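Novice: Sharing a sequence plus its predicted fold:
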Amino acid sequence: MLLGEAASINLELLPDSPDLILEHITEFFPFALPISDRKQTRTVVAALRKIFSFTQLSSSYFYDNKEPLPLDPSDLIDTFKGQFPITDYDSLSCLSELKANTTTKLDLLPKLEELTSYVKDNIPDIAAQVSITDYNIASQTIRAIQDHFNFTLIPNYLIDLPDLPMPE
């Protein structure tokens, strides 16, 4: 028996759905479940493996927030009309440029109240992470906000960290 197998014997099996995980357990996870940003998968899996035994996350652990593509290319939004369907290899070179010119991020809202309200209504999976309140997860909080908003400097209204203790 391998060491990893021995350690996982006493763990509970991962439930089929994240909705079946008790709330007092999920509140300690670094991100909300289901996972809305696949870049968060490694961190979430590491947290889940401390409590549960599993080999692979089921699709119910991922939030599919992508709008399905229309069957008819003429029904695409104006930005993409005329670009699809791609019928020759030469047309593939335009995809990276098209992606670079298409942004889905908003500019960061100027007031904390506006940002909090917008996030609560439109991006509930990061609602608890709008303010930077904990030194230990500050970088995760900033990444979560960056995934949805454009900004180069962190506005002061996002930072709500406690004072550091005085050196002895």
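Specialist: Received it, and whenever you're ready, just let me know what you need. Note that the coordinates shown come from a computational prediction; the quantities given were computed from them, not determined experimentally.

Novice: what's the pLDDT at the residue nearest to Q83 when sequence neighbours are not counted?
Specialist: Nearest non-adjacent residue to Q83, counting by CB to CB, 6 or more residues apart in numbering: L98, 6.2 Å away. In short, each C-beta sits where N, CA and C put it, glycine included. For L98, the pLDDT comes out at 70.

Novice: Following element in sequence after the helix or strand where L98 lies, please.
Specialist: L98 belongs to helix 94-100 when assigned by DSSP states H and E. The helix or strand immediately downstream of helix 94-100 is strand 106-107, counting by DSSP H and E.

Novice: how distant is that next one from the center of its chain?
Specialist: 16 Å (CA atoms, centre = their mean, to the nearest Å).

Novice: partners of it in the sheet?
Specialist: In the sheet, strand 106-107 lines up against strand 149-150 (parallel) (DSSP bridges).

Novice: thinking again about what came up before, can you give me the offset of the helix holding L98 from its chain's centre?
Specialist: Distance, stretch centre to chain centre, for helix 94-100: 23 Å (CA atoms, centre = their mean).

Novice: What of stretch 49-64?
Specialist: That offset, for stretch 49-64, works out to 15 Å (CA atoms, centre = their mean).

Novice: contacting residues around it?
Specialist: 8-9, 11-18, 25, 33-36, 38, 41, 44-45, 48, 125 (CB atoms under 8 Å, 6 or more residues apart in numbering).
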